[in-house]
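J.: Dropping a prediction and its sequence here:
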Amino acid sequence: MTPVITADHLTIRFGDFTAVNDVSFDINKGELFGFLGPNGSGKTTIIKALCGLIVPTEGTGTILGMDIRKDAADIKRHIGYMSQKFGLYEDLTVSENLGFYSGVYGITGPRATQRIQEILSLTGLEPYLHRRVNALSGGWKQRLALGCAIIHSPEVVFLDEPTAGIDPVARRSLWDLFFLLSGQGVTFFVTTHYMDEAERCGRVGYIYMSKLVALGTISDLQHLPSANPPGTTRVQLETPDASTALTALRKQPGVREATIFGRSIHSLVETNHIDALRAQFPQAKIQPIVPSLEDVFVTLTYQIMEAAK
Ligand SMILES: Nc1ncnc2c1ncn2[C@@H]1O[C@H](COP(=O)(O)OP(=O)(O)OP(=O)(O)O)[C@@H](O)[C@H]1O
């Protein structure tokens with residue numbers, strides 16, 4: 001299968017600052033690819049390069065076989081891009097915004113009417129057709145933003161933190177839309193800071209300090225050798241007072257990482273210290289676990305920070 005999105009040794013510099021450092025990946029048709037990384041790690045910059053909005057300093061990439069360096073104008077016709085602050089017109093109604101974006105993409109007449117109707121049924125925005133955007137809730141605004149971003153039926157959609165700041169129910173219903181569309185063959189590249197959203201993606205990439213440090217399915221990442229260093233075991237401690245136990249645990253020999261996870265503690269410990277921990281925390285139920293995605297990212301991040309010291 002020919003990949004729909006490729007990044008091939010992409011490097012992007014702003015003056016002396018390297019925002020994206022030698023990043024490569026392939027994404028296939030219909031994939032829902034999640035892209036994670038701390039603020040400022042280079043996620044938006046990669047999206048902008050892939051959308052043809054900025055030219056990479058080195059390396060290249062393709063969208064649907066089109067070269068991001070040479071075919072930027074053609075690429076823009078085939079992709080949807082919803083940024084963190086998508087340009088909805090707050091003083092215009094839902095209908096007027098959809099009409100405006102149809103025009104931007106050259107969709108007019110009966111085709112526009114039909115496409116707007118399709119978007120309204122897809123997003124459930126029909127009841128709000130004549131409501132001004134500034135009177136919509138955050139979740140409905142994002143649904144409208146998605147509708148505007150896909151009014152031209154793009155095959156590839158880039159979503160940059162599409163659910164930032166909206167409530168959990170609205171987030172879930174927006175994700176239901178992404179799944180619906182990806183099931184129809186639309187390819188999604190989605191950035192998010194939410195682990196539960198990342199866990200819904202077929203594959204995820206994790207970028208840290210401009211470099212892609214992990215890429216794969218959730219299971220691939222959970223079983224990465226670097227996330228499970230030799231001689232260590234990831235354990236969960238269930239204990240009545242997790243926050244007091246956390247402080248004590250972090251002082252124990254052999255404890256490399258420890259953090260509260262829900263009502264328990266997740267910890268990366270040197271395997272030969274586990275018996276001592278069981279003796280130290282007799283109240284706690286201590287059992288080995290597969291790392292969560294968050295555990296994996298934290299471990300990889302600490303390793304890079306250590307290596308940089
Ligand atoms: N046009 C520019 N000129 C100079 N520096 C830039 C420019 N655009 C981005 N940067 C810098 O590049 C780095 C990466 O920014 P980018 O917006 O890609 O991060 P991000 O991972 O998307 O972060 P966030 O999660 O906060 O959106 C940041 O340090 C940013 O300040």
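T.: Now that the structure is in, tell me what you want to look at.

J.: need the contact list for the closest residue to the ligand within the stretch 201-309 of the chain.
T.: The minimum distance from the stretch 201-309 of the chain to the ligand, using CB to the nearest ligand atom, falls at residue 207 (6.8 Å). In this view, the C-beta of every residue, glycine as well, is placed from N, C-alpha and C. Residue 207 sits next to 23, 35-37, 41-43, 46, 213 when contact means CB atoms under 8 Å, 6 or more residues apart in numbering.

J.: Need those in JSON lines (columns: pLDDT, neighbour count and distance to the ligand).
T.: Conversion of those to JSON lines gives the following (pLDDT from 0 to 100; neighbours: other CB atoms under 10 Å; distance: CB to the nearest ligand atom, whole Å):
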{"residue": "23", "pLDDT": "98", "neighbour count": "24", "distance to the ligand": "11"}
{"residue": "35", "pLDDT": "97", "neighbour count": "28", "distance to the ligand": "9"}
{"residue": "36", "pLDDT": "96", "neighbour count": "24", "distance to the ligand": "9"}
{"residue": "37", "pLDDT": "95", "neighbour count": "23", "distance to the ligand": "5"}
{"residue": "41", "pLDDT": "95", "neighbour count": "22", "distance to the ligand": "4"}
{"residue": "42", "pLDDT": "96", "neighbour count": "24", "distance to the ligand": "5"}
{"residue": "43", "pLDDT": "96", "neighbour count": "23", "distance to the ligand": "4"}
{"residue": "46", "pLDDT": "97", "neighbour count": "29", "distance to the ligand": "7"}
{"residue": "213", "pLDDT": "94", "neighbour count": "18", "distance to the ligand": "13"}
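
J.: Keep only those of those that are in strands.
T.: 23, 35-36, 213 (DSSP state E).

J.: Flag every residue of the stretch 1-150 of the chain that's near the ligand.
T.: 14, 17, 19, 37, 39-45 (CB under 6 Å from any ligand atom).

J.: Checking my notes, residue 101 in a strand, right?
T.: No - under DSSP: H, G, I helix; E, B strand; the rest coil, residue 101 sits outside any strand and is assigned helix.

J.: That one against residue 148, yeah?
T.: Yes - Residue 101 lies in contact with residue 148 (CB atoms under 8 Å); the separation is 4.0 Å.

J.: Pop out the phi and psi values for the residue nearest in space to the middle of the chain.
T.: The chain has residue 191 as the residue nearest its centroid, 2.9 Å off, counting by CA atoms, centre = their mean. For residue 191, the backbone dihedrals (degrees, to the nearest 10) come out as phi -90, psi 140.

J.: my read: it touches residue 45, true?
T.: No - with contact defined as CB under 8 Å, residue 191 does not reach residue 45; the gap is 11.0 Å.

J.: closest to residue 197 among the ones in strands among the contacts of residue 207?
T.: residue 36 (9.0 Å; CB to CB).

J.: Show me what that closest one is bridged to.
T.: residue 206 (DSSP bridges).

J.: Could you tell me which residues make contact with it?
T.: Applying CB under 8 Å, 6+ apart, we find residue 36 in contact with 43, 191-193, 198, 204-207, 297.

J.: So which residues of the stretch 151-300 of the chain form helices?
T.: 168-183, 195-198, 218-222, 242-250, 274-280, 293-308 (DSSP state H, counting those that start in this stretch).

J.: avg pLDDT for the fourth one?
T.: The one in question is helix 242-250. Averaged over helix 242-250, pLDDT sits at 92.

J.: now what about it, what contacts it?
T.: Against helix 242-250 from outside (CB under 8 Å, 6+ apart): 237, 239, 255, 258-260, 263-265, 267, 277, 280-281, 284.

J.: ok, which stretches of the stretch 101-250 of the chain are strands?
T.: Counting by DSSP state E, counting those that start in this stretch, one finds strands in the stretch 101-250 of the chain at the ranges 156-160, 187-191, 203-208, 211-216, 232-238.

J.: most neighbours per residue, which of the ones you listed?
T.: strand 187-191 (a mean of 25; mean count of other CB atoms under 10 Å).

J.: Any part of it near the ligand?
T.: No - Strand 187-191 lies out of reach of the ligand by CB under 6 Å from any ligand atom, never closer than 6.6 Å.
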